[in-house]
Every structure is written in structure tokens, then in C-alpha cells.
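>>> Just a sequence and a predicted model for now, questions to come.
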Amino acid sequence: MHFICKNTIILLYYFVEKILEKQRYRLCKKRVVVALGHRALGTTLPEQKEAVKKTAKVIGDLIEKGYQVAVTHSNAPQVGMIHTAMNEFAKEHEDYTAAPMSVCSAMSQGYIGYDLQNAIREELMDRGIYRTVSTILTQVIVDPYDEAFYTPTKVLGRYMDVEEASAERKKGNYVVEEPGKGFRRIVAAPNPVSIVEIDAIKALLDADQVVIACGGGGIPVLEQDHRLKGASAVIEKDLTAGKMAEETDADSLIILTSVEKVKINMDRPEEEELREISVDQAKAYMEEGHFGKYNMYPKFRAAVEFLEKREGRSALITSFDKLDEALKGKTGTLIR
């Protein structure tokens, strides 16, 4: 009996020491979530192949500096292309149905993640860094009563004529006319509530692996008891990036976009570049209407919501080719 108790104590000590070791390792490494914009991926397949090589160098720099990195990315051109292709195929083949938005989103995560993870893996190996890079097909729960479902805003797919637009409306889809160009489908952009695969993402980060997740804002799903059902929507990727940074307890959120620094009072004599600002200042600029609803506003909102959850965090907005300088404090817009 005494022997069993002694062994139990030794085992408990071993497991506690392992937990503490993991915590000490975690404390010495900064965890960052990087949100990639359209510029980091390109539009067509050949463009994407080339663009991810440059993007991989940026991610490689972060890893070489000792960061634990989770990556998310936009998918607007890609998901639109997939949606159009699947719908056109269904029109020509009666036995096939059009692919729902959730399926198109899943497809885009797969093929963007495939190119991105291979490019990052290759870049790391070129530097003598041997690290697993994984893409997680990620679902994000949205609220079925989100106001966005009553006022869709996100344009999707190719232009349609009157007959095609009428057919879409009969299916229950929203369509908007662009004068002189035709009609296009629009879908809702609800807020992310929670990330379904968050435990897998955290486990990989804890193992010091590189994770690509929540691509395109995640696959939007509705929770019905224990079932998940795809929603006809897209989620703003910057808001999901903020949610992932929050739920993985990241130290920093980095949003890479097309501008080196954020500006206020655009195209006015009092135009000003923002270098380092507080959360309160960021909220004030948002309330004053300095940022476009579908451009810079979601980035600031994601940053503010992430920063308000815990002290000691930071959010950085800059262009992907200026990230190294921004991390040195030479450029970019830093919020903390």
C-alpha cells in the first residue's frame, strides 16, 4: 500500500512538473494571430502561388523571432470564384445542385490553406526550422437572430441578367442591382460568436506548431442542439481573427492590409497618420466615422474587442511588406 502511494505521488509530481514546464515555455514565447488581407494571397491560382511565397517569408520572420503563430486569411475573390463555378456547373448538369455558401467557404479554406501551408513549410525548412504547419477546416458559430441576416450587404459572384436574378429571388436569395452592370447576389455578414475547433487550434499552438485557421472568417454555421448547420453568409475575417486571438489568449493581433499606416481625415488638409494610439482613442475615431464600414472599421473593431479582454496586449495594423519595420516601432499603427 505504501509502495502504491509513493508511486502515485511520483506520477502526480511528474505530471505537475510537465504542466509547469509547458507554462514556463508558453511564458517565454509570445503568441500572435496574423490576419492576411487580399494582397497577401492574390486572386487567381497562379497569382496565389506567387503571392504566398512572399507571405511565407513574413510568417517565417515572425517564427524566427520566437513567436507562436496562428494565421487567418481573406477569401473574397476565391469564394466568389468557387460559388460562380459551382453554380454554373449545376446549371449545365441537372443532376447536380448549386453549392451552398458554407460549402464554398470550406472549399476556399482548403485550397488557400494548401498553398499557404506548403509555402510556409518550405520557407521554414529553407531556414533550417523544422516545424509542422497545419490548416484546420474551421467552423464559426453565428447567431441566427443576428441583424445582419435581415439586411444582407456582402456582394457575391458574377453579374446576372434579369431572368437569372429573378430565379435567385425565387430561391429566397437576396439580389441587388448595380446600374449599367446587372444584378448580383448579396449575403449576410453576421458577427462571429465562437470558434468550433478552438481546442484543436490551441493544442497545436501549445505544441509550438504553425496553424492556419478560420480562413475567410470561418465557415458560418448555426448551432441546433448538438448539430451544426451551414449558414448562407460570410463572416468578416478581421472580426474572426480578433475572436481567435481572444480565444487562444494571444499576446498580439497583427492585421496585414494594403496600407502602411492608418489615416484619419482622409483627403483633407488635416489628414493624419496614426502611429500609436490607445484603445479609447481608437474607439473615439470609430465613433467619429473615420473608417469605412467594410474596410478599416472591422479591423479597428476587432482590435478594440481583443484588447479590452485582457491588459498587456497589443494590436498592429500595417502592410505585409512593412511588418518587420512595424515590429521595430518604425511604422504601422499600434493600438494598446
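Yes, it's here. Numbers count the residues shown, from 1 in each chain.

>>> what's the distance between the most centrally placed residue in the chain and A302?
What sits nearest the mean C-alpha location of the chain, by C-alpha atoms, centre = their mean, is T72, with 3.6 Å. Counting by C-beta to C-beta, to the nearest Å, the separation of T72 from A302 is 11 Å. C-beta coordinates here come from the backbone N, C-alpha and C atoms, glycine included.

>>> can you list residues touching both of those two?
Here T72 and A302 share the contacting residues 35, 241, scored by C-beta atoms under 8 Å, 6 or more residues apart in numbering.

>>> still on that earlier bit, is it true that the residue nearest to the centre of the chain touches A213?
Yes: with contacts counted by C-beta atoms under 8 Å, T72 reaches A213, the gap being 6.2 Å.

>>> Could you tell me which residues touch both of the two?
By C-beta under 8 Å, 6+ apart, the residues touching both T72 and A213 are M244.

>>> Now the helix or strand T55 falls within: buried residues?
Assessed by DSSP states H and E, T55 sits inside helix 45-64. Buried residues in helix 45-64, counted by 16 or more other C-beta atoms under 10 Å: 48, 51-52, 55-60, 62-63.

>>> In PDB, please show the C-alpha coordinates belonging to the helix or strand following that helix.
Under the assignment DSSP H and E, the closest C-terminal helix or strand after helix 45-64 is strand 68-73. Only the C-alpha atoms of strand 68-73 are listed here, as PDB (Å, rounded to 0.1, in the frame of the first residue of the first chain):
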ATOM      1  CA  GLN A  68       4.000  31.200 -31.800                       C
ATOM      2  CA  VAL A  69       1.900  31.900 -34.900                       C
ATOM      3  CA  ALA A  70      -1.700  31.300 -35.900                       C
ATOM      4  CA  VAL A  71      -2.700  32.600 -39.400                       C
ATOM      5  CA  THR A  72      -6.000  33.500 -40.800                       C
ATOM      6  CA  HIS A  73      -6.800  35.000 -44.200                       C
END
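
>>> Show me what the mean pLDDT comes to for strand 68-73.
Averaging pLDDT along strand 68-73 yields 97.

>>> I'd like to know which elements it is packed against.
In terms of contacts (3 or more C-beta pairs under 8 Å, 6 or more residues apart in numbering; DSSP states H and E), strand 68-73 is packed against strand 31-36, helix 45-64, helix 101-126, helix 198-206, strand 210-212, helix 237-247.

>>> Quick check: pLDDT value at D95.
We have a pLDDT of 85 for D95.

>>> what about it, which SS state?
With DSSP: H, G, I helix; E, B strand; the rest coil as the basis, D95 sits in coil.

>>> Around it, how many other residues sit close by?
Residues within reach of D95, counting by other C-beta atoms under 10 Å, total 5.

>>> cool, S108 as well?
Neighbours of S108 (other C-beta under 10 Å): 24.

>>> That one reaches G216, doesn't it?
Yes: judged on C-beta under 8 Å, S108 makes contact with G216 at a distance of 5.5 Å.

>>> So A56 versus P100, what's the distance?
A56 sits 32 Å away from P100, going by C-beta to C-beta.

>>> Could you check how far the closest residue to V175 other than its chain neighbours is from K171?
Distance criterion C-beta to C-beta, 6 or more residues apart in numbering; nearest residue to V175, sequence neighbours excluded, is A165 at 4.6 Å. Distance, A165 to K171, using C-beta to C-beta: 11 Å.
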